[in-house]
Structure formats: structure tokens, C-alpha cells
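**Student:** coords please:
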Amino acid sequence: MKKRDVYVKNGNNCRTIAVIILILICVAAGAAAEENAAEKNADDQRVMRLDTVVVTAEKGDATFQTGDVDLEQTPAFYSVITRDEFEGKIEDLSEVIRKEAGIQVRQSGGLGSFASVSLRGSSGEQVMIFLDGVLLNDASGGGVDLSNIALSDVESVEIYRGVTPVNFGKASVGGVVNIRTRRSEDGFSASASAGGGSFDTWKGSAFFNHKPGKWDYLFSADYTESKNDFKFLNDKGTSYNPDDDEVERRNNARVDQTSVLGKAGYDFSDTVRLDLVNQWFDKSQGLPDWRNNESTEASLDTQRNIATVKLTADDLGKYHLNTATQISYSWKEEEYDDRLGQIGLGRQHTCDTTSRISTNFYTEWLTEFNALSLMLDYQHEMYKPDDLLNSTTSADSNRDFFSAGLQNSFFLWAHQLTLTPALRYTYIHDELESAVSSHGVSLEGRTRSEDYFSPQVGLRYQPADWLVIRSNLAKYVREPSFFELFGDRGFFTGNEDLEAEEGVNFDIGFEVNWQTGNRWLSRVSLNAAWFHSDVDNLITQSFDARGVGKSVNISESEIFGYETALRVDFLKYLRLVANATWQDTANKSEIAAFSGKHLPGRFSRSYLTRLEGIFGGVRTWVEYIKDENMYYDTANLLPAEDKEEVNIGLSWMFSPVLLTLEARNIQDNQYEDFNGYPMPGEAYYATVKYSW
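**Tutor:** Sure thing, here's the model as predicted:
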């Protein structure tokens, strides 16, 4: 497509968006004026029915359990995304959380492709991801693939930036994303949904919950598939020569995945409860090569199961302690098949298995003046790589991880001021078993142990009902992964001398929540924060003349910036949401070619604007997303194009049916979060949900 045609098309789309916004405002204003005339003498107290973007959980919430973060007292900057935000949509977790301030997501293709998250300029490995308190980050490394978490199982997503509450067994430089799966509620409820759309995408899910008394059980299942055969402009790897560019369909990018969640619980009393949880996930996906060859057959199959037993016992002893004890076993198998050598360096066919046994104990002592919390966490993780092409013995790795955290929140000045100091102690022991190399050479086993303390302190000050001031200072450590320490498959050698990354985070900001009581402007919410992070011994990769890589520590990196979020409820039927993040990342490497450069894979500026309207059972929305200034490489020689995306949608609830229509990226712009891996252009989806 010629640039002139793109400009014309974008201009038409912008005019279309402007018309949609104008219609939303006019309809809402007309509806409000009509109701004012009809009810001018009536009581003006009404309940706003718009969806909530960020909420604060209360301990009175039926789904709140001991071990959950008390959002009323935490000093951390956080967001909570409720199920209402993605119910009835064909989305994955990465598309949901990337709309929050301070958060960026990189994705390697269409639905189900690899996706990693960055909080305030951190790397994917520096962000800890939990599923109901179970850590998903593997000791083998690589960060968590967000596409491997099915939204059908999710009740809410909690995002903590800058400081990690002691409730979580592990903290890191970037922060924490905690995914809470659905929990049983009183009575019976059930639903089923089906949908589809562009690129031969199909999705179906089912859910039911029953709690007749002391017993309760819950079941959720989801299946999604897509060919991901979107069109894109293939430059054949010769960006300097536009003559060979050709519009093609993406090859070998198919994905199909299944997720099943089962829960059972029993209330022994009002203060003692037992929960049993099992979550199964299975995904099969093709892996396209950068040339987009039709003959590519590479694939990655992932299977994961997490089984958990949790006992909650509250109001114990004379100090009325609340406790939560959790034991879990997780197992994950990834089979990477590139026997034709079409993707990586040479022929590869591997099956890597990760299993982990973990125990976590949390207790809290609550008084009128303080909340004292203690966390103990132990994990034993086993990583077994298996080379299916060779008869050589693979080197298995084991990691023992122990963490203890103590936190106390002091309530001062009639609870206006909350001061929360905390201290974590962490001990890690790594072991690489003996093996035989691909050349038949015996390799001796190796061990490594280290421990460290991580202090933190947070402040929450509420001088008025409508104003909250927060600030946090914390030190965090990220230990090297097995991949970085011991290498992998001969193309990446290990470095046992690696030191752990050590980071110091600081942030300060405020929150304003102003309820006006006026239907024309009923609520204004504004959050803003300044953040700064220094990371010493940053782990990065270097390559020699043979193309063999090795992890090394560089001196340090610095990240600082601002994030802000605005929400305005006005004209009684409209809501405006706007987020913005400005951040500067600096590599302070001793290598001259990298010193002072931006850290790769982070946008310097991110913006989101969303206008939402609701009248009766109909809700419409239009949103604009833009990301600017990112580099693919450490030397900043490969700049990425700025991203600009417009999405619109409509949902219609005519009880008990919910119909959702979505149009994404209606400007049909295409980008590459990872160099050489294009993402889809415009796409359209429809979903129908029936509830009992």
C-alpha cells in the first residue's frame, strides 16, 4: 500500500472516530436532559452503572481471604482490573493489562503468541507473576509468557508497582502482577459463551459455581484457536530495498489452547476454611520464521498443571491471629520442535520439564494501632532439559529457595497516616548435576549458594477524604536464572561468576477521588506518581565472533519517569479514562558503545484515551493507544516504529444474554514489538454469552 493511500485511509478513520465520539456525547447529553425534565422533582440519588477500571478491595468483600493484600492500607501504587473489564471479549491477559499506566507489553504476533510485561521500565524477568499466590516465574529464566494464562479463569488482576507487599513470597525490581482466579460465591450461577472473528479465530467457554452451604465447588473451561494468518508487508529482510516488498499472509502462526480450572472448598466454621484448586493449561502453536516461509514446520507445545491445597484459619489464640497455609505442586512441559533448523541455530528438538513444590505460610496480627504480618515461603524447583535429537545426557538443575518477610503497618493520627516498614530475607541454593556434552566430554556438577536482605518502607497519608499521598523506598534483588548461570544447548555458555541484580526503587505521588454529587460531573479521579530505579550488576548478553553468547554483569542502569491516570464520570452516561507514562531508561555500561543508550524493548512514552458511554443495557467505547520511542537493540541502532492503535466496541446486555462486538486497530496499522515478528492489523470479533 502506498503511503498516500495510508494517509487517506487514516484520515477517514480519524473522521469516523470523531463522529463516534460526537454521537456518544450527544446521545448521553440528550438522554440526561430528557431525564432531568421528567424527574426534576425526584430524588437525585442514583447508582452509576459504568464499569470500574481501578477499585479498592475491602475486607468486607465476600471474596477477600487472609493472605490477600489489604488495599485500604497498602502504601504501594496499584491497579486492580476487575472481570467486568474483559468479560465477553476475545482478549488475552497482555491486551488487558497493557491499558494501565506504567505498564508496557511486548508481543511477538497475534492471539496466543509470546507476550512479556514491563513495569516502569523493567525487563520481563524483573517482574514477578503470581497465580493465586503461586509463582509462575521459572528458575530456568526467560520471564513469564502472559499468553499462557487464560482469562476465562481470572476474576481480577492486581498490579503492584515500585514496592511488593510482604504477602508475596518473592519480590523483584519490576514489581508484581497477581492474578486471582474466580472464587465461589453463595448460591448457584453458570454461564456459557461462544465467539469468533478475524483470522479464523474461535473461542468457547463454560462456567458454573454452586455453594449451597458449607461445601462449594466451581468449574471453568475455555478453548481458543486461531490461524493468525493476518496480512502484513514482508520486506524479505531487506528494508533498504523496497522493490522486493510483498504483502503476504502470516504462515505457521496457528495456535490452539485449552484451560480447565476446578475448585472445591469447605467451611468448617466462620473462621476455618479448606480450599482445593487444580488448574490445567495446554497450548499448541506454530512458530513462523522471519522470512515467513510456507514450508516452516517449527512448533512449541506447552502443558502446565498447578495443584494447590490452602487452609485458612482466622481468629486464633488470645492475639486473634489470622493465618493462611498453602501447599502447591506445579508442573510444566515445553516441547520445542525445529528439527529442520528453520528458526534457530541448527536443528533442535527439546523437551524441557519444570516441576516445583512450594509451601507458603502467612499470618497477621491486627490491632487498632498496627497490622503485623509474617510470611514464610519455601520452594524446591527441578529443571530437566532433554535433547531429543542426541543420546547425550542433559544437565538437570535444582533450586532451593527460602524467603521470610516481616512487615508492620503503623496507623497514626487517627489512621490518617500509615507507615509500613518491611524486611525480607532470601536464601537460594542452586545445583547443576553432572552430564555429558555433545562432544562426549564429562561435565562435573556445580553448586552455588547466596543470601541477601531486602528492606523496604512505605508511607500512605490521607489528609482529606478525597486525597491520598503515597511514597515507597525499597531494595530488591534478582538472582541469575539457570540459563544465565549454566548456559543452554551449546549456543549459550554459562557464567557461574554472575552476581545478582540489585535494585533500589523510589516513588512518590498522590491520588485524588472527588465525588461531586452532580449528575453532569459526578466523579473525578486523578492519580500521578514519579518513580526512580537504579539497578546494579544488570545482567545482559554478549556474543563472541563465533556467535556464542554469554551472560555478563554491566555496571548499572537507571530508570525514572512519571505515570498518571485520569478518570472523569460526566453527563451521567459517559466516562473518560486517560493514562500516560513518560520514562527514561539509561544504560550506564562501561562499554562505550552502550553507555548512555536507552535500554532496549521499552517505549519512552505511552498514552491511552478511552471514552465510554452506557444507556440502558447498551455500552459503547472507543479508545486510542499510542507508544513512542523504542529501540530493538542495546546500541540503539535499530529504532522501532511508533505504535498508534484505535479500537471501538459495543456490548448489549438483554438479560440473560450479553452480546459483544469489537473492532481493533481500525486504522490497519502494523507494528513489530520484536524485530522481524509483525503483529496483526485490523481485526473484528463477536461474542455471545448466556448466564443462568
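**Student:** drop to CA atoms for contacts and neighbour counts, all remaining ones
**Tutor:** Noted.
**Student:** tally of neighbours for His210?
**Tutor:** By other CA atoms under 10 Å, 18 other residues sit near His210.
**Student:** how close does Asp507 sit to Gln456?
**Tutor:** Going from Asp507 to Gln456 by CA to CA, to the nearest Å gives 12 Å.
**Student:** what's the overlap in contacts for those two?
**Tutor:** Residues touching both Asp507 and Gln456 (CA atoms under 8 Å, 6 or more residues apart in numbering): 472-473.
**Student:** Could you check how far the residue lying closest to Leu432 once chain neighbours are set aside is from Ser449?
**Tutor:** Leaving aside its sequence neighbours, Leu432 sits nearest to Ser397 (CA to CA, 6 or more residues apart in numbering; 4.5 Å). As judged by CA to CA, Ser397 and Ser449 stand 13 Å apart.
**Student:** same check, this time on Ile428
**Tutor:** Taking CA to CA as the measure, Ile428 falls 6 Å from Ser449.
**Student:** Who has more neighbours out of these two?
**Tutor:** Ile428 (16 against 11).
**Student:** The more buried one - nearest residue in space that isn't next to it in sequence?
**Tutor:** Phe401 (4.7 Å).
**Student:** Does Lys572 touch Leu521 like I think?
**Tutor:** Yes - taking CA atoms under 8 Å as the definition, Lys572 is a contact partner of Leu521 at 7.3 Å.
**Student:** which one of those two has more residues nearby?
**Tutor:** Using other CA under 10 Å as the criterion, Lys572 and Leu521 rank with Lys572 on top: 24 against 16.
**Student:** Can you tell me the element the more buried one falls in?
**Tutor:** According to DSSP states H and E, Lys572 maps onto no helix or strand at all.
**Student:** From Asn472, how far off is it?
**Tutor:** Taken as CA to CA, the span from Lys572 to Asn472 is 36 Å.
**Student:** Next: Asp222.
**Tutor:** Asp222 is 39 Å from Asn472, where distance means CA to CA.
**Student:** So which of the two has more stuff around it?
**Tutor:** Between Asp222 and Asn472, counted using other CA under 10 Å, Asn472 has the larger neighbour count: 25 against 22.
**Student:** surely the more buried one meets Gly509?
**Tutor:** No - checked against CA under 8 Å, the pair Asn472 and Gly509 is beyond contact range at 9.5 Å.
**Student:** quick one: secondary structure of Asp243?
**Tutor:** helix (DSSP: H, G, I helix; E, B strand; the rest coil).
**Student:** And it, what's its pLDDT?
**Tutor:** On the pLDDT scale, Asp243 is placed at 76.
**Student:** what's around it, how many residues?
**Tutor:** Residues near Asp243, counting by other CA under 10 Å: 9.
**Student:** From Phe114, how far off is it?
**Tutor:** Per CA to CA, Asp243 is found 31 Å from Phe114.
**Student:** One more: Trp514?
**Tutor:** Distance, Trp514 to Phe114, by CA to CA: 40 Å.
**Student:** what's the answer for Ser595, then?
**Tutor:** Counting by CA to CA - Ser595 and Phe114 are separated by 29 Å.
**Student:** before we move on, what about Arg605?
**Tutor:** Noted for Arg605: a distance of 23 Å to Phe114, by CA to CA.
**Student:** Who has more neighbours out of those two?
**Tutor:** Arg605 (21 against 16).
**Student:** how far away is that one from Asn527?
**Tutor:** According to CA to CA, Arg605 stands 17 Å off from Asn527.
**Student:** Tell me if Tyr336 really is in a strand.
**Tutor:** Yes - with three-state DSSP as the criterion, Tyr336 is located in a strand.
**Student:** Return the residues in contact with the nearest residue to it once chain neighbours are set aside.
**Tutor:** Distances taken as CA to CA, 6+ apart place Leu300 nearest to Tyr336, at 4.6 Å, with adjacent residues excluded. Shown in contact with Leu300 (CA under 8 Å, 6+ apart): 284-287, 334-337.
**Student:** go with 10 Å
**Tutor:** Going by CA atoms under 10 Å, 6 or more residues apart in numbering, Leu300 touches 255, 283-287, 334-338, 349-351.
**Student:** from the residues you listed, which single one is nearest Arg106?
**Tutor:** Taking CA to CA as the measure, Arg106 sits nearest to Leu287 out of the contacts of Leu300, at 16.6 Å.
**Student:** show me the contacts for that closest one.
**Tutor:** Contacts for Leu287 (CA under 10 Å, 6+ apart) come out as 109, 113, 251-255, 296-300, 336-338, 342-343.
**Student:** quick one, helices of the stretch 451-600 of the chain?
**Tutor:** For the stretch 451-600 of the chain, helices defined by DSSP state H, counting those that start in this stretch occupy the ranges 482-486.
**Student:** where are the low-confidence patches of it?
**Tutor:** Scanning the stretch 451-600 of the chain for pLDDT under 70 picks out the ranges 487-493, 541-549.
**Student:** Same check on the chain?
**Tutor:** Ranges of the chain meeting pLDDT under 70: 1-62, 237, 344-345, 391-394, 434-443, 487-493, 541-549.
**Student:** From the recorded domain assignment, give the ranges for it.
**Tutor:** 1-45, 187-691 (automatic domain parsing).
**Student:** what about those, which gets the closest to Gly162?
**Tutor:** Closest approach to Gly162 among the domains of the chain is made by domain 187-691 (5.9 Å; CA to CA).
**Student:** Could you tell me the end-to-end distance of the closest one?
**Tutor:** Distance between the two ends of domain 187-691: 14 Å, counting by CA to CA.
**Student:** Might you calculate how far that domain sits from the centre of the chain?
**Tutor:** 3 Å (CA atoms, centre = their mean, to the nearest Å).
**Student:** All set now, cheers.
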